[in-house]
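Undergrad: 3D, please:
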Amino acid sequence: MTQTLAAVEEQPAQSVTQNPARIAIIGGGVTGGVVLTEAVDHYIERLKDNTNLPPLRIDFFEAGGQNGYGTSYDLETVVFRLNQPAQTMSLHSDRSGHFIEWLKKREDAKNISEVAAAREKVRGWKAEGLSEMQIAHNHRTEYLLARNWTQHDFVPRALFRHYLLEQYEATIHRSREVNLILDRQAITINTINAFVDQLKQTNSGEIVIGVKIRGEERSSTLTDSVVIATGHHKNGILKELRPCPAYAETPIPDMHKIESVLAANAGSPHPVFILGTSQSMLDIVGGLDAAGYKGSIVAASSRGIEPWPYDPAKHIPLRTDYPLQHVTEEKILAIFAEHGTDVRKAIGKFCKMFGHELQAPEAREMGPGHVISTFLAQKDKMRAMMACCPGFYEECLSLVDQFDTNHTFPERFETYLRYKESGQLKIVAARVDTAKTVARSDGHFDVALSSGTIVASAFFNCGSLHRATFNQKVPGEPISVFCPLGQRAYEAGLVEGDSKTKMLIPHSVLPAGKVETAGPARGGSWGVPYTVADCHASAHKVVDYAIEMAQKIQQAAPAVEL
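TA: Numbers count the residues shown, from 1 in each chain. Now for the predicted structure:
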């Protein structure tokens with residue numbers, strides 16, 4: 001049984017003499033959903049030790065109405081997949097197999113006869129020459145029936161969305177059950193689908209949350225503690241191209257958008273251009289393949305870093321004795337012999353060398369992750385070898401770190417390799433001059449690269465999201481926070497910036513749990529596997545702080561004579 005939010009909100013509240021412990025979660029995507037679930041679970045655990053705790057009130061702000069899942073998973077197509085294997089995608093840090101259990105239950109619920117029929121159809125479509133992405137796009141129902149997703153698979157984002165929604169609804173249902181058991185409104189969850197644009201502190205220490213409704217009408221809410229979970233934010237790179245029909249940006253556009261972008265200049269002899277060569281580029285290539293695109297593709301990034309296939313079964317455990325064939329002392333010294341101490345040119349050469357190592361047949365057979373692991377295990381040797389070129393070693397480490405996160409699942413890599421080896425896809429190591437990249441009157445684009453200008457029929461910008469939380473270009477100048485609400489919180493003295501990590505953190509003079517930042521709004525790594533533990537920690541802190549504040553108010557209240 002799933003329970004709608006309305007049932008929690010509409011249940012009559014029992015009269016209570018206690019002040020509520022008030023927390024607010026701003027941003028209701030996957031990060032906000034994780035914080036909500038863990039906050040409720042933590043409060044219930046505390047209730048088991050003391051049923052007289054102040055009631056908990058949670059104000060859950062989500063402007064887009066995508067409660068519990070957010071923009072990144074708001075997809076119907078099953079072409080686009082997660083960037084991590086299923087075994088890492090549990091929302092519960094203490095239950096690593098939770099998502100796997102959910103997938104298993106879903107598989108067990110399938111009708112065996114329907115699965116057999118779907119697999120027969122999929123085999124037929126493959127025999128006709130359809131790629132996996134084309135089958136996923138054109139025959140969604142049969143594709144999902146035929147596939148048995150396991151712990152090592154990179155699951156469709158649309159499927160993960162169902163998991164996120166079920167966890168969100170289960171949290172709402174569990175809150176209602178607690179209220180019924182205790183016969184009082186112990187937990188209240190208020191969902192507010194409005195845009196939060198103000199965050200400040202009153203003289204008494206309460207936090208004021210200001211929202212904008214229907215663009216103009218304003219409202220405000222008071223709370224004791226808050227979690228800022230506002231997610232990804234677009235930068236201004238090439239924003240002037242946004243009105244163009246043949247232009248699209250990340251987060252991942254749905255297949256309808258990809259098809260409409262291609263249709264804008266259908267039949268053009270010019271290539272599709274992709275800004276970026278990381279995982280978002282792979283998603284676009286997968287989408288183009290699903291749409292049946294037959295033209296050429298040019299993808300460019302400053303270093304031309306290419307992806308590699310990640311198969312968890314091959315990478316556990318990681319080896320540190322892989323026999324490197326391309327990244328050898330002889331070849332590294334040859335780079336210095338050719339380019340001397342010119343770090344920029346030398347690192348470009350090293351980038352190609354490392355990419356060849358990762359994509360070598362031997363590495364793909366054994367697992368390219370062993371290449372990275374082996375290189376990192378030889379840090380001291382590499383540092384000494386590269387000492388003749390100051391700064392080169394540090395650039396190499398940064399480069400290898402970028403390679404380390406640019407993996408994909410085998411099927412997507414095979415699609416990428418098929419396009420590349422056929423000559424349909426060209427990877428270019430070049431910077432895009434955004435000032436000189438313009439839309440033409442015929443709907444095409446002049447893309448200005450450091451290696452020359454090309455004409456593109458369509459433009460996919462995979463570099464449209466901020467990679468850091470704030471910036472301070474001029475010493476002494478105020479920090480500029482890329483999250484609008486984060487900027488408000490910074491100006492109000494609720495958060496501060498860590499200039500080393502470029503992350504927002506709760507202000508050091510505030511008590512732990514009064515203000516927390518979580519997920520991409522905080523900074524650092526993106527994605528459930530990297531942020532779920534911090535989300536849980538933030539949820540515990542805000543609940544504990546809010547309870548403490550409510551108890552202090554209650555203790556300070558004058559006694560009432562009966």
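
Undergrad: below-threshold pLDDT in the stretch 201-350 of the chain: ranges please.
TA: Low-confidence segments of the stretch 201-350 of the chain (pLDDT under 70): 214-217.

Undergrad: can you give me the helices in it?
TA: 255-264, 279-290, 312-315, 329-339, 343-359 (DSSP state H, counting those that start in this stretch).

Undergrad: now these in a markdown table, with distance to residue 414?
TA: No exception for glycine: its C-beta is placed from N, CA and C like everyone else's. Listed next are these as a markdown table, based on distance: least, C-beta to C-beta, whole Å:
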| stretch | distance to residue 414 |
| --- | --- |
| helix 255-264 | 20 |
| helix 279-290 | 11 |
| helix 312-315 | 15 |
| helix 329-339 | 28 |
| helix 343-359 | 12 |
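
Undergrad: pick the most deeply packed of those.
TA: Compared across these, helix 279-290 shows the largest average neighbour count, a mean of 25 (mean count of other C-beta atoms under 10 Å).

Undergrad: hey, C-alpha coordinates of that helix in CSV?
TA: Once non-C-alpha atoms are left out, helix 279-290 reads as follows in CSV (Å, rounded to 0.1, in the frame of the first residue of the first chain):
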residue,chain,number,x,y,z
GLN,A,279,29.6,10.7,-19.5
SER,A,280,27.1,13.3,-20.7
MET,A,281,28.6,13.0,-24.1
LEU,A,282,28.0,9.2,-24.0
ASP,A,283,24.4,9.8,-23.1
ILE,A,284,24.0,12.1,-26.1
VAL,A,285,25.7,9.5,-28.4
GLY,A,286,23.3,6.9,-27.0
GLY,A,287,20.4,9.1,-27.7
LEU,A,288,21.5,9.9,-31.2
ASP,A,289,21.9,6.2,-31.8
ALA,A,290,18.4,5.5,-30.5
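
Undergrad: helices or strands up against it?
TA: Helices and strands touching helix 279-290, by 3 or more C-beta pairs under 8 Å, 6 or more residues apart in numbering; DSSP states H and E, are helix 132-138, helix 255-264, strand 272-275, strand 297-301, helix 410-421.

Undergrad: now tabulate those in CSV and tack on distance to residue 332.
TA: Converted to CSV, the helices and strands packed on helix 279-290 look like this (distance: least, C-beta to C-beta, whole Å):
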stretch, distance to residue 332
helix 132-138, 38
helix 255-264, 41
strand 272-275, 30
strand 297-301, 22
helix 410-421, 26
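
Undergrad: just say which of these is most tucked in.
TA: strand 272-275 (a mean of 26).

Undergrad: same for it, what does it pack against?
TA: helix 279-290, strand 297-301, strand 452-456, strand 458-461.

Undergrad: for residue 247, which of those is the nearest?
TA: strand 458-461 (4.8 Å; C-beta to C-beta).

Undergrad: mind listing what the closest one pairs with, with the direction of each?
TA: Each strand paired with strand 458-461, and its direction, by DSSP bridges: strand 247-249 (parallel), strand 272-275 (parallel).

Undergrad: any chance of a markdown table for these, columns distance to residue 458?
TA: Converted to a markdown table, those look like this (distance: least, C-beta to C-beta, whole Å):
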| stretch | distance to residue 458 |
| --- | --- |
| strand 247-249 | 7 |
| strand 272-275 | 5 |
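
Undergrad: for residue 528, which non-adjacent residue is closest in space?
TA: residue 89 (5.4 Å; C-beta to C-beta, 6 or more residues apart in numbering).

Undergrad: per the record, what domains does this protein have?
TA: 5-97+151-231+487-556, 239-306+407-461, 308-404 (automatic domain parsing).

Undergrad: how about those in a markdown table, adding distance to residue 126?
TA: Output for the domains of the chain, formatted as a markdown table (distance: least, C-beta to C-beta, whole Å):
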| stretch | distance to residue 126 |
| --- | --- |
| domain 5-97+151-231+487-556 | 16 |
| domain 239-306+407-461 | 12 |
| domain 308-404 | 20 |
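
Undergrad: alright, calling it a day.
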